[in-house]
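In: I'll drop the sequence and a predicted model, then ask my questions.
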Amino acid sequence: MISVPRQAPNPPPQAPPGLDALADQVIGWLKWGVLVAGMMGLLVCAGMIIVGRRRRGGLAQEGLIGSLWVLGGLALASAAALLVGVFGSVGAR
């Protein structure tokens, strides 16, 4: 008689041989790029707020809204590993 497993196998994530160092390097580059882009974005938005203070209220408003978007993107980037870990552990249960 053939034995049928009750549950499908669900192995943990495993990097292909030789690719874990490359993956770590690419993730490190992306983290650095996000930090640089976030810093530039906040500086540009701060400049828009400063320049738009006098007689250019729309520019100041765009700078303020833009800074909220930049902060949201930085928050999402900083929580990326945590979010992926949470969703990865849900499938392992």
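Out: Right, received. Where do you want to start? Numbering: from 1, shown residues only.

In: and the helix or strand where Leu30 lies, how far out from the chain's middle?
Out: Leu30 belongs to helix 20-51 when elements are defined using DSSP states H and E. From the chain centre to the centre of helix 20-51 is a distance of 10 Å (C-alpha atoms, centre = their mean, to the nearest Å).

In: can you give me the buried ones in that helix?
Out: 34, 38, 41-42, 45, 48-49 (16 or more other C-beta atoms under 10 Å). All C-beta atoms are positioned from the backbone trio N, CA, C, and that covers glycine.

In: now for it, which elements pack on it?
Out: helix 57-78 (3 or more C-beta pairs under 8 Å, 6 or more residues apart in numbering; DSSP states H and E).

In: buried residues in the helix it packs on?
Out: Neighbour-count burial for helix 57-78 [16+ other C-beta under 10 Å]: 59-60, 63, 66-67, 70, 74, 77.
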